[in-house]
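S.K.: Okay, structure incoming, though there's no sequence with it:
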């Protein structure tokens, strides 16, 4: 197995370390945190059916192991749980 490390190179990772979040992975998760929890970002990010579907695909990766490493993601997981109950507009073209 390989992971993208801080030096922007793919490096082999021991199976024991596969669940450890790298700096690059953490930055992506923190960006998602801001997108889903900051009121200004939520207002500007128009949520439609396609975007809802794409966001919910990430829900399976928000495990307890991930939350132990990045506790702020608990808010993201809650948002996604609420999002499953939310009805949004279909995709609009034009």
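M.R.: Thanks, I have the structure now. Note that the coordinates shown come from a computational prediction; the quantities given were computed from them, not determined experimentally. Residues are numbered from 1 along each chain as shown.

S.K.: Any stretches of the chain with poor pLDDT?
M.R.: Counting by pLDDT under 70, the ranges of the chain that qualify are 91-94.

S.K.: Let me see the ranges of the strands in it.
M.R.: For the chain, strands defined by DSSP state E occupy the ranges 2-4, 10-12.

S.K.: Tell me which of these sits nearest to residue 29.
M.R.: Nearest to residue 29 among the strands of the chain is strand 2-4; the distance by C-beta to C-beta comes to 13.9 Å. Placement of C-beta: from N, CA and C, glycine included.

S.K.: What helices and strands are in contact with the closest one?
M.R.: Packing partners of strand 2-4 (3 or more C-beta pairs under 8 Å, 6 or more residues apart in numbering; DSSP states H and E): strand 10-12, helix 23-37.

S.K.: Among the strands of the chain, show me which one is buried the most.
M.R.: Per-stretch averages of neighbours, counted by mean count of other C-beta atoms under 10 Å, single out strand 2-4 among the strands of the chain, with a mean of 13.

S.K.: circling back to that earlier point, quick one: which of the strands of the chain is nearest residue 78?
M.R.: strand 2-4 (27.5 Å).

S.K.: how far is that closest one from where the chain is centred?
M.R.: Taking C-alpha atoms, centre = their mean, to the nearest Å, the mean C-alpha location of strand 2-4 is offset from the chain mean by 18 Å.
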